[in-house]
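Please work out how this folds:
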Amino acid sequence: MANKQNFKPDEWTKILESTMLAGMAVSAAEPSGLWGALKEAFASSSALAAAKSNAGSNELVKAVVADFETKEGRSAVQEALRQHLAGVATPADAVQRSLANLREASAILNAKAPQEAAGFTAWLQAIGQKVAEASSEGGFLGIGGVQVSDAEKATLADISKALGTSA
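Model (predicted):
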């Protein structure tokens with residue numbers, strides 16, 4: 001069973017950051033305005049909360065959620081995200097940087113926690129899916145539009161590819 005002690009500090013931060021970037025990539029793929037962004041952020045946060053209470057969550061997922069509950073864990077992620085987003089000029093840049101992070105996190109997981117890697121990457125994929133479904137795209141004032149846009153579907157497929165999971 002893998003936990004924080006199985007990873008170097010920079011690797012652990014990369015894994016923590018991946019939980020935010022799985023949702024951020026989807027949000028950046030099809031910006032939804034202020035209300036949509038809030039719904040998508042809430043979907044990402046609720047995925048963390050749900051994992052805490054889910055008896056089926058693997059130990060690594062639980063360790064990540066527990067670290068998010070600490071001031072140190074939140075600070076590490078905030079700083080990593082600041083660095084990650086420094087110099088991002090377009091939403092497409094944010095998507096590409098997020099995908100690169102997810103590839104790195106997947107490689108770290110496969111090397112250091114192969115038993116938990118599949119469950120963890122499936123969880124990251126599920127976070128992206130929840131974010132994609134959180135807010136309708138297109139339409140006007142929430143009327144019309146589609147639940148998951150083509151850009152979000154493409155990004156979900158890219159996330160799957162980056163993580164080595166099936167969509």
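
Only C-alpha atoms from now on, for both contacts and neighbour counts.
Fine.

Show me what the helix-or-strand element of the chain with minimal mean pLDDT is in contact with.
Each helix and strand of the chain was given a mean pLDDT (mean pLDDT, DSSP states H and E); the minimum falls on helix 33-53 at a mean of 78. Outside of helix 33-53, the residues within contact range by CA atoms under 8 Å, 6 or more residues apart in numbering are 20, 23, 27, 31, 57, 61-62, 65-66, 127-128, 130-132, 134-136.

Out of the residues you listed, which end up buried?
Buried by 16 or more other CA atoms under 10 Å: 20, 23, 27, 57, 61-62, 65, 127-128, 130-132, 134-136, out of these.

Filter those residues down to the ones in helices?
Using DSSP state H to define helices, the subset of the buried ones among the contacts of helix 33-53 located there is Met20, Gly23, Ser27, Val61, Lys62, Val65, Ile127, Gly128, Lys130, Val131, Ala132, Ala134.

Contacts only, for the last one.
Pointing back at Ala134 there. Neighbouring residues of Ala134 by CA under 8 Å, 6+ apart: Gly36, Lys39, Glu40, Ala43, Gln147.

go again using 10 Å as the cut-off
27, 36-44, 128, 147-148 (CA atoms under 10 Å, 6 or more residues apart in numbering).

Just the buried ones out of those residues, please.
Ser27, Gly36, Ala37, Lys39, Glu40, Ala41, Ala43, Ser44, Gly128, Val148.

how close does Ser32 get to Gln129?
Separation of Ser32 from Gln129 (CA to CA, to the nearest Å): 15 Å.

The two: which is more packed in?
Remark: of Ser32 and Gln129, Gln129 carries more neighbours, 22 against 17, as counted by other CA atoms under 10 Å.

Great, nothing more from me.
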